[in-house]
Every structure is written in structure tokens, then in C-alpha cells.
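Novice: what follows is a predicted protein model with its sequence.
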Amino acid sequence: MVDVGAKNETARTARAAGSIFMKPETLALIRDGSAKKGDVLGIARIAAIQAAKRTGDLIPLCHPIALTRVTADFSIDEAHSAVHCAVTAECFGRTGVEMEALTSASVGLLTIYDMCKAVDRGMRIDNVRLIEKKGGKSGHWTAE
């Protein structure tokens, strides 16, 4: 791992997002809450938050950090037959939370896939990316 001991502790925030595309019938199951495994978006939200908390265990050289806040929001996009995931992760520390936000968004979307794969194996997870980061030596960065 990289030595971050000499870095100043600062407030750090990262936002990540991604989408999962599916058949309209699959999206209807999610929207209507009638998926066989239960509340897809509620469970995906919990999975996303848990994933952020476990990022240091999952990514070999990633520092474990004390998160102060994680939000995972899901929105249904009928026009594109998709669910979009937006995650915000925050901490006060010596290293950023980009990996936590990205891991959270990825696992949230993977959870949707897992819960709906019996009816739609062709779902596609797409465009998982960092949207914004704030704090630390590099300051504020926003995706173009």
C-alpha cells in the first residue's frame, strides 16, 4: 500500500454512477416490486452500502477507511429500460473515497443482476465511472 501517513486529514467525497439495461418486462418487475427474490432496489441499496464499507477487503492495495457517509440512489429509466445507480461516499481522512464509491455502484448494479438473472440473463451493466471527487492534495475533480 502507498504510505499516506504524512498526508493531512481532510474531508473527502467521491461520487460514482453506472447503469444496468434490461428487458422492459424485467424493469416492470423491479418497478412493481414483484421480483421473485423481493425488493430489488432496496436490497441493492443495502448491498451497495455494504460494499463501500468492505472495499479495503476487496481491492488488494486499497486502504481501509472510516466512512462517514454512503448513499446509494437508484432511478428507473423507462425510456431506456434501465436502472441508474448514483453513489456518494464521504470520509474525513488521509486518502480518497473514489474506490469506495466505484465499488459501491458496481456491487449495487451486480445485485440487481443477481436478483433478476432468472428472468433476464441478457442484462448489461454499463458506464460505471467516477463522476466527481473532492478533497485532498489534488482538490476537486469532475468528469467531463
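Specialist: Structure received. Remember, predicted model here, so these are calculated numbers, not experimental data.
Novice: show the pLDDT at the residue nearest to the spatial centre of the chain.
Specialist: Nearest residue to the geometric centre of the chain (CA atoms, centre = their mean): residue 105, 1.5 Å. The per-residue pLDDT reported for residue 105 equals 98.
Novice: which SS class is it?
Specialist: When classified by DSSP: H, G, I helix; E, B strand; the rest coil, residue 105 comes out as helix.
Novice: show me the contacts for the residue lying farthest from the centre of the chain.
Specialist: Distance from the C-alpha centroid of the chain, by CA atoms, centre = their mean, peaks at residue 6 (29.0 Å). For residue 6, the contact set (CB atoms under 8 Å, 6 or more residues apart in numbering) is empty. Just so you know, the C-beta spots here come from the backbone N, C-alpha and C atoms, and that holds for glycine as well.
Novice: next one: residue 61
Specialist: 1-2.
Novice: next: the one 4 residues further on.
Specialist: In this structure, residue 65 makes contact with 56, 91, 93, 95, 97, 100, judged by CB under 8 Å, 6+ apart.
Novice: again, only using 6 Å
Specialist: 91, 93 (CB atoms under 6 Å, 6 or more residues apart in numbering).
Novice: what do you get for residue 41?
Specialist: Residue 41 touches residue 74, counting by CB under 6 Å, 6+ apart.
Novice: how much space between it and residue 115?
Specialist: Residue 41 is 9 Å from residue 115, where distance means CB to CB, to the nearest Å.
Novice: where does residue 112 land in three-state SS?
Specialist: With three-state DSSP as the criterion, residue 112 reads helix.
Novice: what about residue 119, how many residues nearby?
Specialist: Residue 119 has 14 neighbouring residues, counting by other CB atoms under 10 Å.
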